[in-house]
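J.: predicted coordinates and the sequence they were generated for:
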Amino acid sequence: MSKKIALVLMALSLVQLRAYAQDEHIFLVKAFDCASKPSQRSQTGFRAQGIRGIITALHGVADCQRIVVKGDKALILFEPLIISKIDIERDMALLSSTELDSKDQGGLEVAKNTTWSSLEKLRVYGHPYGIARLDTSLDIRKPAVRPLKDLIPPGALPDLRSRNSPNPLINVLSLQGNILPGHSGAPIVDSQGRVIAVANGGLQKGQAGICWAIPFEDVEWEPASSNRAFISLRHLQVESLFVFDNSLPDLSNTVSDTLEEFCISLNKLVESSRVGFISIVKPGMFDWNFQSRIDLPGSSYSDVMPRTKVAYVMSRSNKKNIVESEYYNLIYKLTICLPKWSHEEFVRKKEVLQHPGRSFKLREGAAGTMVEVHYDFEPFLDDFWLWLYVYAPGAK
């Protein structure tokens with residue numbers, strides 16, 4: 001029995017080491033003073049074995065004057081980076097700096113000679129909406145590899161052809177799932193954690209569930225400085241098909257009126273949690289339940305359990321990818337409203353009156369107020385649900 005336990009512990013240790021290694025080589029890429037709107041952007045980049053530099057999507061940085069990166073673990077870079085190599089047809093950029101070149105060479109393992117038909121579940125590791133690194137599951141469509149033009153609405157093809165980055169004729173990995181704003185340039189890995197592709201774009205800001213990635217083994221690097229096409233590309237408007245833009249929040253300290261209103265309401269909930277939500281209770285629709293006097297922007301229903309928690313329905317839809325996209329958008333809001341709180345993401349198992357799903361929780365200190373956002377993996381009453389919970393200190 002002790003031998004079996006030792007093997008299990010060893011396996012868990014290997015999983016933890018692999019997760020740490022992935023964190024070490026994945027970066028939040030921030031671009032400033034960009035020629036086309038938005039002028040400030042956020043996406044994802046990563047290091048790969050055998051390649052010196054940080055790989056990302058070209059469309060998010062091509063026209064920007066200043067590029068910086070932030071790593072979750074280990075590697076810290078202070079100097080701005082430049083675009084040293086490119087693959088225009090595949091919309092790829094390699095970022096470098098003197099400081100980065102002086103660091104130990106390392107990176108994520110890269111898969112060789114990938115057999116696309118043998119792959120099933122994939123994961124993308126990135127910074128959607130510029131928040132802390134999260135991983136998201138993706139499914140491969142059949143056929144797995146197809147020309148990009150087959151995934152693009154006909155009305156958008158002329159603009160993409162004029163840009164030609166990516167070239168609509170190249171083969172891309174066709175995916176089902178949410179590649180969201182901020183995922184551009186993120187590594188897509190197989191079940192063994194090996195890079196097979198780079199996240200590139202998705203329809204309807206990633207919410208349509210139709211997205212694509214660039215097969216990593218197809219990338220052909222060439223110097224950026226001597227490429228005339230790259231110089232022209234810097235003056236072209238970035239298209240909304242790409243997933244770094246449109247709804248991507250400004251990276252400055254300012255927030256929109258809607259977000260500010262959300263933060264104000266959320267902080268009122270935090271204050272009321274310290275007295276067990278007694279101050280916000282009002283009669284509910286039934287004799288046996290209570291609702292909240294605080295209207296949280298975006299919510300459709302609230303339920304209060306005095307001295308324990310308050311729950312809000314933030315979204316419901318019969319399409320899981322829409323709820324998942326709103327889940328990440330809500331996480332972004334929470335990290336802006338509660339910037340100093342500790343946070344973590346986890347998969348929640350089935351509990352009483354709660355369905356299994358993915359959760360992100362923030363906590364004020366070791367035993368303080370906790371805020372949790374959760375969406376279900378399975379439909380309930382024909383819909384997928386997105387919940388926000390605020391727990392009183394010590395309640396969970």
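T.: Yep, it's here.
J.: for G202, which non-adjacent residue is closest in space?
T.: Here the nearest residue to G202 in space, its sequence neighbours aside, is C211; by Cβ to Cβ, 6 or more residues apart in numbering that works out to 3.4 Å. Backbone N, C-alpha and C define where each C-beta goes, glycine included.
J.: which strand residues bridge that neighbour?
T.: In this entry, C211 is beta-bridged to L175, G202, by DSSP bridges.
J.: neighbours around it, how many?
T.: C211 is flanked by 30 other residues according to other Cβ atoms under 10 Å.
J.: wait, what's in contact with the residue nearest to the spatial centre of the chain?
T.: Closest residue to the average C-alpha location of the chain: P128 at 2.4 Å, with Cα atoms, centre = their mean. For P128, the contact set (Cβ atoms under 8 Å, 6 or more residues apart in numbering) comprises 134, 136, 180-183, 328, 332.
J.: same thing but 6 Å
T.: With contact taken as Cβ atoms under 6 Å, 6 or more residues apart in numbering, P128 is in contact with 180, 182-183, 328.
J.: hang on, the earlier thing: thinking the residue nearest to G202 is in contact with I179, fair?
T.: Yes: if you go by Cβ atoms under 6 Å, C211 and I179 touch, sitting 3.9 Å apart.
J.: so where is the chain shaky, pLDDT-wise?
T.: The chain contains residues with pLDDT under 70 at 1-22, 72-75, 204-209, 235-257, 284-288, 352-354.
J.: domain assignment for it?
T.: Following automatic domain parsing, one finds the domains of the chain at 17-246, 257-391.
J.: single out the most deeply packed of these.
T.: Most buried of the domains of the chain, by mean neighbour count (mean count of other Cβ atoms under 10 Å): domain 17-246, with a mean of 19.
J.: show me the contact partners of stretch 283-299.
T.: Counting by Cβ under 6 Å, 6+ apart, 261-262, 265, 268-269, 280-282, 302, 304, 310, 312, 314 sit against stretch 283-299.
J.: in strands only, show me those.
T.: 281-282, 302, 304, 310, 312, 314 (DSSP state E).
J.: re the thing from before, which of the contacts of P128 sit farthest apart?
T.: The most widely separated members of the contacts of P128, counting by Cβ to Cβ, are H183 and Y328 (9.4 Å).
J.: rebuild the ones in strands among the contacts of stretch 283-299 as CSV, extending it with distance to P38.
T.: Compiled in CSV, those are given as follows (distance: Cβ to Cβ, whole Å):
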residue, distance to P38
V281, 42
K282, 41
S302, 34
V304, 39
V310, 35
Y312, 29
M314, 25
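J.: closest to Q192 out of those?
T.: Closest to Q192, out of all of the ones in strands among the contacts of stretch 283-299 and judged by Cβ to Cβ, is M314, at 35.1 Å.
J.: excluding chain neighbours, what is closest to the closest one?
T.: Distance criterion Cβ to Cβ, 6+ apart; nearest residue to M314, sequence neighbours excluded, is L386 at 4.6 Å.
J.: with E109 instead?
T.: Using Cβ to Cβ, 6+ apart, the nearest residue to E109 is R194, at 4.7 Å.
J.: quick check: the residue lying closest to E261 once chain neighbours are set aside vs L266, distance?
T.: Spatially, and ignoring its direct neighbours in sequence, E261 is nearest to P297 (5.3 Å; Cβ to Cβ, 6+ apart). P297 sits 9 Å away from L266, going by Cβ to Cβ, to the nearest Å.
J.: check H374 too.
T.: Where L266 is concerned, H374 sits at a distance of 16 Å (Cβ to Cβ).
J.: just A199 next, same as before
T.: A199 is 30 Å from L266, by Cβ to Cβ.
J.: ok, G126 next?
T.: Using Cβ to Cβ, which is the criterion applied here, G126 is 25 Å from L266.
J.: now do P356
T.: 26 Å.
J.: now the lengthiest strand in the chain: how far from the chain's centre is it?
T.: Longest among the strand segments of the chain by residue count, using DSSP E, is strand 134-147. Strand 134-147 sits 16 Å away from the centroid of its parent chain (Cα atoms, centre = their mean, to the nearest Å).
J.: run through who's touching that strand.
T.: Counting by Cβ under 6 Å, 6+ apart, 116, 119, 122-125, 169, 171, 174-177, 345 sit against strand 134-147.
J.: which two from the residues you listed end up farthest apart in space?
T.: Most distant of the contacts of strand 134-147, by Cβ to Cβ, are L169 and E345, 37.7 Å apart.
J.: just the CA atoms of stretch 266-275, as PDB, please.
T.: C-alpha atoms of stretch 266-275 as PDB (Å, rounded to 0.1, in the frame of the first residue of the first chain):
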ATOM      1  CA  LEU A 266     -19.000  44.900  -5.300                       C
ATOM      2  CA  ASN A 267     -17.300  46.900  -2.600                       C
ATOM      3  CA  LYS A 268     -20.600  47.500  -0.900                       C
ATOM      4  CA  LEU A 269     -21.200  43.800  -0.900                       C
ATOM      5  CA  VAL A 270     -17.700  43.300   0.700                       C
ATOM      6  CA  GLU A 271     -18.600  45.800   3.400                       C
ATOM      7  CA  SER A 272     -21.900  44.100   4.100                       C
ATOM      8  CA  SER A 273     -20.200  40.700   4.300                       C
ATOM      9  CA  ARG A 274     -18.500  41.800   7.500                       C
ATOM     10  CA  VAL A 275     -21.900  42.000   9.200                       C
END
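J.: mind listing residues that contact that stretch?
T.: 279-280, 294, 337, 369, 390, 392.
J.: same thing but 8 Å
T.: 278-280, 292, 294, 296, 310, 334, 337-338, 364, 369, 371, 390-393.
J.: next up, the contacts around K349.
T.: Contacts of K349 by Cβ under 8 Å, 6+ apart are P356.
J.: got a list of what Y332 touches?
T.: 128-131, 249.
J.: that one in helix, strand or coil?
T.: helix (DSSP: H, G, I helix; E, B strand; the rest coil).
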